[in-house]
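Novice: structure of the sequence below:
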Amino acid sequence: MNKALVVDDSKTIRMILRRILTEVGYTSSEAANGREAMQFIEAGNHELSLVLADWNMPEMNGLELVKELRKRPELSSLKVVMVTTEAELGHMESALQAGADEYVMKPFTKEILREKLATIGILPLANA
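Specialist: Below is the predicted model of the structure:
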């Protein structure tokens, strides 16, 4: 089964994202910020294929997390999607330049998230 990590300081958003991921065939874990996410990954959880990360979080924000993930060659195949309220074009450009594979703005629908996951090859296009 495919594995994902949901990184958001909102417990509610983590729950919503995990529910959607379960519907599309993923098991998922969660972290409340980028630092927790890195600790989870550094603990040997390299079997992840997807990270969904918020931008605005304490300790290590989503952009910092993306940059840290992209420094590590062993995580080069990991897909990273920013899921955030940051709607400015500059933020989107920064995230994509840092190595995010896609960008989803909150509020989002299940259909939008599924479409973005299909776009990056996580889901078949027929499921989008």
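
Novice: quick check: mean pLDDT of the helix ranked longest in the chain?
Specialist: For the chain, the helix with the greatest residue count under DSSP state H is helix 11-23. Per-residue pLDDT over helix 11-23 has a mean of 96.

Novice: what's it packed up against?
Specialist: In terms of contacts (3 or more CB pairs under 8 Å, 6 or more residues apart in numbering; DSSP states H and E), helix 11-23 is packed against strand 2-7, strand 26-31, strand 50-53, helix 110-119. Every residue, glycine included, has its C-beta placed from N, CA and C.

Novice: go again using 10 Å as the cut-off
Specialist: Under the contact criterion of 3 or more CB pairs under 10 Å, 6 or more residues apart in numbering; DSSP states H and E, helix 11-23 touches strand 2-7, strand 26-31, strand 50-53, strand 79-84, helix 110-119.

Novice: that helix to strand 26-31, inter-axis angle?
Specialist: Put simply, helix 11-23 runs at 160 degrees to strand 26-31, going by axes from the mean of the first three to the mean of the last three CA atoms, to 10 degrees.

Novice: and the contacts of helix 11-23?
Specialist: 2-8, 10, 26-32, 50, 52, 54, 81, 83-84, 104, 106-111, 113-114, 117, 122, 127 (CB atoms under 10 Å, 6 or more residues apart in numbering).

Novice: if any of these are buried, give me the PyMOL selection for them.
Specialist: A single PyMOL command suffices to select whichever of the contacts of helix 11-23 are buried according to 16 or more other CB atoms under 10 Å:
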select buried, resi 4+5+6+7+8+26+28+29+30+31+32+50+52+54+81+83+84+104+108+113+114+117+122
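
Novice: mind exporting the longest helix of the chain as PDB, just the C-alpha atoms?
Specialist: Provided in PDB are the C-alpha atoms of helix 11-23 (Å, rounded to 0.1, in the frame of the first residue of the first chain):
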ATOM      1  CA  LYS A  11      -5.500  18.700  13.600                       C
ATOM      2  CA  THR A  12      -8.700  19.100  11.600                       C
ATOM      3  CA  ILE A  13      -6.900  19.600   8.300                       C
ATOM      4  CA  ARG A  14      -4.700  16.600   9.000                       C
ATOM      5  CA  MET A  15      -7.800  14.500   9.700                       C
ATOM      6  CA  ILE A  16      -9.500  15.700   6.400                       C
ATOM      7  CA  LEU A  17      -6.400  15.000   4.300                       C
ATOM      8  CA  ARG A  18      -5.900  11.600   5.900                       C
ATOM      9  CA  ARG A  19      -9.500  10.700   5.200                       C
ATOM     10  CA  ILE A  20      -9.100  11.600   1.500                       C
ATOM     11  CA  LEU A  21      -5.800   9.700   1.300                       C
ATOM     12  CA  THR A  22      -7.500   6.600   2.700                       C
ATOM     13  CA  GLU A  23     -10.200   6.900   0.000                       C
END
